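> below are the sequence and a predicted model; questions follow.
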Amino acid sequence: MDMTAIPATSENDANEESWELPSSWCWAKIDRVAPVNPSTTFDGLPDDAELPFIPMAAVAEETGLIDLSARRPVSAVAKGYVRFQQGDVLFAKITPCMENGKVAPVPSLAEHFGAGSTEFHVLRPLAVEQRYLWYWLVSRRFRHIAQRNMSGSAGQLRVPTAFVRDSLIPLAPTAEQGRIVERIDSLFAEIAEGEAALEDARKGLETFRRTLLKAAVTGELTRDWRDNNQPNETGHGLLARIKAECGATPKLARGKKAAASPPLDTSDLPELPEGWAWARLGQLLSHLTSGSRDWAEYYDKGSKVFVMAQNVRPGRFNHAYTKHVDPPNHLKDVERSRIQRDDLLITIVGANTGDLCRVDFNATDYFVCQSVALMRPALAELSEYLEIYLIAPDSGRRDMQKVIYGAGRPHLSFDQIEALPIPLPPPAEMLEILRRTSELLGAYSDTLMMLEAETADAARLRQAILKSAFEGTLVPQNPADEPASTILERLQQSAQRAKAGHRGLRKARNGG
């Protein structure tokens, strides 16, 4: 039996994920119905003709959309790039792009041809409808199989060409392929409408959060509270108390006392509500440090946690990423970089510089690495308020973005951190701010979780539709449709005639 066309009900080893198909369907090797990485020539095109150029970033995840705006002349892409033509399907072969669903059908092109990243496999539909093939390749069912068959080194894993060629596709009759694609398109369009509504709701929710945080740290949120309450201690009084308890220039765990800062210039700062005071962040801290440079030999050992930039996310500690370290107790850096509950962590090097979160758990044996700064408020009750101010897009986060330096590798220095201006409310009002924000942010989080759950449901529904489609249950079969196996047999006979013709031509040329 020709294994390029496997009957719908047969057992086979070519694909462990195969299942029984309708009688008019059959399993077929992908390369038989859509040659993989076929030869594409730009012969006849002038060297200065501009073609669409598709880098990996131009292909969206799972939607099949391609940004065709980038263009390059034929002379620039004649060598060293993947070539394709309209009607092809692009399939990202490298991790994590393949797993993320960077697969797309190439639309009609004015130039008919294009070029792109060498990290794409190109499939040219021959006996399969283009979007039917795309839906199969982008399905998580196929991508999971492809992921198990990747090869290469970590971070450079790729789906081999041979795997794609030999993989099986559940092939429906041509007419039914069209009906399936039409039905999937219709159902996916309805899901997309729902997702657009969810995205609008998410944007509105984020606007609410942003407005709430701004109101909290400007005193607008507690305006009514101030009208009915007279605090015993003002922000100025709180600042004076911290200064008396910690000293005028508290030691910030950098091997020396922080230099005395000049008085804070408030001329360009917003006017504060009555009883509030401006302070430098350094005045509100008792401890500021980062991790050691010399712990490399202790990585990936023991059970102590080495807190990396990946752990610090705006307003939350990411427990999903864990790196272990086991520094001996005699190292002088051990206690200096040990984290405590209510510490603030801020990324000071790299792409996520400025991300900040509060340690709201018992961080026994957690230590910061050198790309994360540890800030310990002089009073524990300051911690949550400082977090709110420093993650608020229109206050502390904005001020940090202004002073981050280094275009290639962003940095945030200790001096810049200490100099950040902080509006300090009276302690009693601070407690009211935290009470109100906690309640409202709790409602925000609950609503966001609901939206995320509905978004996940939409993604699952898409995959369920694709599963039904390729099991032959999404649309009814038509007995009048030409069976898929017949189409493949005709295709095979045509290929054999062409091959025989080529042999005859070669024999004639050789005088035989």
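Received it, and whenever you're ready, just let me know what you need.
> contacting residues around the residue nearest the centre of the chain?
Here the mean C-alpha position of the chain is nearest to the C-alpha of N100 (CA atoms, centre = their mean), at a distance of 8.9 Å. With contact taken as CB atoms under 8 Å, 6 or more residues apart in numbering, N100 is in contact with 61-62, 92. C-beta coordinates here come from the backbone N, C-alpha and C atoms, glycine included.
> quick check: it vs A469, distance?
21 Å (CB to CB, to the nearest Å).
> what do you get for Y389?
Going from Y389 to A469 by CB to CB gives 51 Å.
> so where do the helices sit in the stretch 1-150 of the chain?
Remark: helices assigned in the stretch 1-150 of the chain by DSSP state H, counting those that start in this stretch are 30-33, 74-77, 130-138, 140-148.
> residues of the second one that come out buried?
This points to helix 74-77. Using 16 or more other CB atoms under 10 Å as the test for burial, helix 74-77 gives 74, 76-77.
> possible to save those residues as CSV with pLDDT and distance to W134?
Supplementary listing: those in CSV, determined by pLDDT from 0 to 100; distance: CB to CB, whole Å:
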residue, pLDDT, distance to W134
V74, 96, 26
A76, 95, 28
V77, 95, 23
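> out of the residues you listed, which comes closest to Q477?
Nearest to Q477 among the buried residues of helix 74-77: V77, at 43.8 Å, using CB to CB.
> so that closest one touches P52, yeah?
No: the pair V77 / P52 is not scored as a contact, 9.9 Å apart, by CB atoms under 8 Å.
> name the residues contacting each of these two.
A115.
> so for the lengthiest strand in the chain, mean pLDDT?
As assigned by DSSP state E, the longest strand anywhere in the chain is strand 299-307. Mean pLDDT, strand 299-307: 87.
> so what strands line up beside it?
Strands adjacent to strand 299-307 in the sheet, as given by DSSP bridges, are strand 324-325 (antiparallel), strand 366-368 (parallel).
> so which elements touch the helix or strand following the longest one?
To tie it back to what came earlier, the one meant is strand 366-368. Next helix or strand after strand 366-368 toward the C-terminus (DSSP states H and E): strand 372-377. Strand 372-377 sits against strand 285-290, strand 344-347, helix 383-391, helix 414-419, with contacts defined as 3 or more CB pairs under 8 Å, 6 or more residues apart in numbering; DSSP states H and E.
> in a markdown table: the ones you listed, plus mean pLDDT and distance to D166.
Formatted as a markdown table, the helices and strands packed on strand 372-377 follow (pLDDT from 0 to 100; distance: least, CB to CB, whole Å):
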| stretch | mean pLDDT | distance to D166 |
| --- | --- | --- |
| strand 285-290 | 94 | 52 |
| strand 344-347 | 96 | 45 |
| helix 383-391 | 97 | 51 |
| helix 414-419 | 94 | 56 |
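> Y135 is nearest to which of the ones you listed?
Nearest to Y135 among those is strand 344-347 (40.1 Å), distances taken as CB to CB.
> pairing partners for that closest one, with directions?
Strand 344-347 pairs in its sheet with strand 356-358 (antiparallel), strand 372-377 (antiparallel), by DSSP bridges.
> ok, residues contacting it?
307, 309, 311-312, 317, 339, 353-359, 368, 371-377, 383, 386-387, 390, 412, 417.
> distance from the chain centre to it, please.
Put simply, strand 344-347 sits 21 Å off its chain's centre (CA atoms, centre = their mean, to the nearest Å).
> and what of stretch 276-287?
Relative to the centre of its chain, stretch 276-287 is centred 35 Å away, using CA atoms, centre = their mean.
> distance between the ends of it?
Terminal residues of stretch 276-287 are spaced 24 Å apart (CA to CA, to the nearest Å).
> what's in contact with that stretch?
Under CB under 8 Å, 6+ apart, the answer for stretch 276-287 is 219, 234-236, 238-239, 242-243, 246, 250, 252-253, 258, 261, 264, 266, 269, 272, 288, 343, 374-379, 382, 386, 417-426.
> among these, name the buried ones.
219, 234-235, 238-239, 242, 246, 250, 252-253, 258, 272, 288, 343, 374-378, 382, 386, 417-418, 420-426.
> tally of neighbours for N232?
Look at N232: counted by other CB atoms under 10 Å, it has 8 neighbours.
> who touches it in this structure?
Going by CB under 8 Å, 6+ apart, N232 touches A428.
> doesn't it lie inside a strand?
No: per DSSP: H, G, I helix; E, B strand; the rest coil, N232 lies outside any strand segment and is coil.
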